[in-house]
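> whatever this is, show me its structure:
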Amino acid sequence: MDLQHLILPVAKKLWGDPRPGGTRKEVRFGEGRTIDPSRGLWYDHAADEGGGVVALVERETGRKGREAVQWLVEN
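Predicted coordinates:
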């Protein structure tokens, strides 16, 4: 299942609107959080962690595995 195209809308839902200062390959959110929409990846520089769409949902909602996928379906 290819979910990388969902990274930007999921990040907006979980983190709010992006902040100014991004680049062509990077969208910035809050303090030190970025996404790379072309690769479908996120990274939190302060926490030194990142990953794909499901990992972002798991981290921000506390739902794991199938529950995280269900959150994507619902939202």
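> OK, contacts around residue 10?
Contacts for residue 10 (CB atoms under 8 Å, 6 or more residues apart in numbering) come out as 53, 56, 57, 72, 75. In short, each C-beta sits where N, CA and C put it, glycine included.
> buried residues of the helix or strand hosting it, list them for me.
For residue 10, the element it lies in under DSSP states H and E is helix 7-15. Buried residues in helix 7-15, defined by neighbour count with 16 or more other CB atoms under 10 Å: 7, 8, 10, 11, 14, 15.
> next one: stretch 30-41
Applying a neighbour-count criterion of 16+ other CB under 10 Å, the buried positions in stretch 30-41 are 33, 34, 35, 36, 37, 40, 41.
> ends of it, how far apart?
Start and end residues of stretch 30-41 are separated by 16 Å (CA to CA, to the nearest Å).
> cool, stretch 43-51 as well?
Criterion CA to CA; first-to-last residue distance in stretch 43-51 is 7 Å.
> can you offset everything so residue one is 45?
Right, with 45 as the first residue, what we last looked at is stretch 87-95.
> give me the contact list for it.
75, 76, 77, 78, 79, 80, 85, 86, 103.
> can you list the buried residues in the helix or strand hosting residue 116?
Element membership for residue 116, per DSSP H and E: helix 110-118. For helix 110-118, a neighbour-count test (16+ other CB under 10 Å) marks 112, 113, 115, 116 as buried.
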